[in-house]
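How does the following fold in three dimensions:
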Amino acid sequence: MNREREPVDVEADLTLTIDSQPINIESYTDTVLVDLPSVRVGVALVRTEGARLAELDRVLRDLDVTVVIQVDGTPVARLGADARPQFADLAPVEVVTSGALRAAIAAPMRFFS
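Here you go, the predicted structure:
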């Protein structure tokens, strides 16, 4: 779908709660920040909603919007217009390697603290 569109800016400042875990969503531009409280919440979301990633990515690219997934403030993945997926055949998600490693290392420490 290559229609000319006006630029889209998303304004959001909300908190969702899934299984008693808060997910903060914030945006005032064409980039939406989704801040997850833990890697475990991210894995649970991928398990339940992973099949919808390709469709979501297509819509985001069509609207020229990017979603940045963070874990406790650290970017771990991108989806949409500015994402450059490393394994596009498997998932339309760009993994931010340094952030993903940092979140993975911090996860066990949070579990025991």
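
CA only for contacts and neighbour counts going forward, please
OK.

Which residue ranges of the chain form strands?
12-18, 21-27, 31-36, 66-71, 74-80, 93-95 (DSSP state E).

nearest to residue 101, of those?
Checking the strands of the chain against residue 101 by C-alpha to C-alpha gives strand 74-80 as the closest, at 8.3 Å.

which strands and helices sit next to the closest one?
Here strand 74-80 touches helix 53-63, strand 66-71, strand 93-95, helix 97-112, going by 3 or more C-alpha pairs under 8 Å, 6 or more residues apart in numbering; DSSP states H and E.

nearest to residue 34, of those?
Across those, closest to residue 34 is strand 66-71 (C-alpha to C-alpha), at 4.9 Å.

For the closest one, which helices and strands make contact with it?
With contacts defined as 3+ C-alpha pairs under 8 Å, 6+ apart, the packing partners of strand 66-71 are strand 31-36, strand 74-80.

Among those strands, which comes closest to residue 63?
Nearest of the helices and strands packed on strand 66-71 (C-alpha to C-alpha): strand 74-80, 8.8 Å.

Which positions within that closest one qualify as buried?
74, 75, 76, 77, 78, 79, 80 (16 or more other C-alpha atoms under 10 Å).

about what we covered before: tell me which of the helices and strands packed on strand 66-71 sits nearest to residue 52.
That would be, of the helices and strands packed on strand 66-71 and by C-alpha to C-alpha, strand 74-80, which comes in at 11.9 Å.
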